[in-house]
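K.L.:
sequence first, then the predicted structure, then my questions.
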Amino acid sequence: MTAPQILADGFAFLEGPRWRDGLLWVSDMHSQEVLTIDAEGRREVRFRVPNDPSGLGWLPDGRLLVVSMRDQKVLREEGDRLVEHADLSALATFHCNDMVVDAEGRAYVGNFGFDFGSGDPPAPTVLALVRPDGTALQAADDLRFPNGSVITPDGRTLVVCETYGGQLTAYDIADDGSLSNARVWAALEGMTPDGCCLDADGAIWVASPFHKVFLRVREGGEITDRIESEQLAIACMLGGADGRTLHLLTSPAVDGEESKKLRGARVETVRVEVPGAGLP
């Protein structure tokens, strides 16, 4: 595997990478923008989200969904603007974060669970399920900072990163989208799993920010590949024409004011052997 190459830089803090129709979609959280980046690194701002964007996904008809973090909402694309799709304030106990949307348009949304910047101790929280009509309910509980998530190609299993749990947790997905049979998919003791993506061999690429590393993990916890990063490793997404370009989001800082001052967040790329699969 060759060393990662910088595709685009100069961002504040990037999150929620998604590959769709030849473009990488990302949220620049601290610049309050949703952008696309093409294979040559050209960028375009698609939407502004005043309360900080994070997770991205699409309804079956192609309309974009965006997590709006600080007001705990999911927004929906309507023409050239974003409107409220779901209000998660009755479920989330702090800012909302990452999201995966299934083939039926059901969105699974995490939240911090505690005031991340105040020094409060981590507290367990829920994973929300947003149905295509915008109704929201609890899908799972007792999660320690549910973050990046993937859904297997058959649509039957969801795996979510528990950032402060040091593990990836799997659930069975029922026909109505409800979750059951919680189990440890992979224990990553000492790590802080954040953004992730699934490949065609069933392994998951996952970022561990403060360890500055991206890991390829198999069910059960075997680590098959490591990519060291110069910066904090935030999230990753497989894409490109053949699905074998791994897009790495890295940042020199997490704090909003520092991130906006430094503007050192990057999209880096590296070629891997196994293409992407499943969702997102």
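P.N.:
Right, received. Where do you want to start?

K.L.:
from here on, contacts and neighbour counts on C-alpha atoms
P.N.:
OK.

K.L.:
Asp21: how many residues sit nearby?
P.N.:
10 (other C-alpha atoms under 10 Å).

K.L.:
so how far is Ala39 from it?
P.N.:
Distance of Asp21 to Ala39, given as C-alpha to C-alpha, to the nearest Å: 11 Å.

K.L.:
now swap in Asp176 and tell me
P.N.:
37 Å.

K.L.:
please apply the same query to Ala12.
P.N.:
20 Å.

K.L.:
ok, the two, which is more surrounded?
P.N.:
Ala12 (27 against 15).

K.L.:
quick one: contacts for that one?
P.N.:
Residues near Ala12 by C-alpha atoms under 8 Å, 6 or more residues apart in numbering: 28-31, 251, 259-265.

K.L.:
check what pLDDT Arg226 gets.
P.N.:
Here the pLDDT value assigned to Arg226 is 97.

K.L.:
which SS state does it fall under?
P.N.:
strand (DSSP: H, G, I helix; E, B strand; the rest coil).

K.L.:
in the sheet, who's paired with it?
P.N.:
Going by DSSP bridges, Arg226 is paired in beta bridges with Leu215.

K.L.:
in this structure it contacts His211, no?
P.N.:
No. Using C-alpha atoms under 8 Å, Arg226 makes no contact with His211, being 11.3 Å away.

K.L.:
burial of Glu189, as a residue count?
P.N.:
11.

K.L.:
so what's it up against?
P.N.:
Glu189 touches 166-167, counting by C-alpha under 8 Å, 6+ apart.

K.L.:
swap the cut-off to 6 Å and go again
P.N.:
By C-alpha atoms under 6 Å, 6 or more residues apart in numbering, the residues touching Glu189 are Gly166.

K.L.:
what does Leu215 give?
P.N.:
Counting by C-alpha under 6 Å, 6+ apart, Leu215 has contacts 205-206, 225-226.

K.L.:
same check, this time on Ser89
P.N.:
Gln72.

K.L.:
also Asn111?
P.N.:
Contacts of Asn111 (C-alpha under 6 Å, 6+ apart): 92, 95-97.

K.L.:
does it have beta-bridge partners, and which?
P.N.:
Cys96.

K.L.:
in whichever strand or helix holds Ser259, what counts as buried?
P.N.:
Ser259 is part of helix 256-262, with elements assigned from DSSP states H and E. Across helix 256-262, burial judged by 16 or more other C-alpha atoms under 10 Å covers 259-260, 262.

K.L.:
can you show me the strands along the stretch 1-150 of the chain?
P.N.:
5-11, 14-20, 23-28, 33-37, 43-48, 53-58, 64-68, 73-78, 81-87, 96-101, 107-111, 125-130, 136-143, 146-151 (DSSP state E, counting those that start in this stretch).

K.L.:
next, format the ones you listed as CSV and append distance to Ser180 and mean pLDDT.
P.N.:
Shown next, in CSV, are the strands of the stretch 1-150 of the chain (distance: least, C-alpha to C-alpha, whole Å; pLDDT from 0 to 100):
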stretch, distance to Ser180, mean pLDDT
strand 5-11, 38, 98
strand 14-20, 25, 98
strand 23-28, 30, 98
strand 33-37, 33, 98
strand 43-48, 35, 98
strand 53-58, 23, 98
strand 64-68, 24, 98
strand 73-78, 23, 98
strand 81-87, 23, 98
strand 96-101, 17, 98
strand 107-111, 14, 98
strand 125-130, 12, 98
strand 136-143, 8, 98
strand 146-151, 14, 98
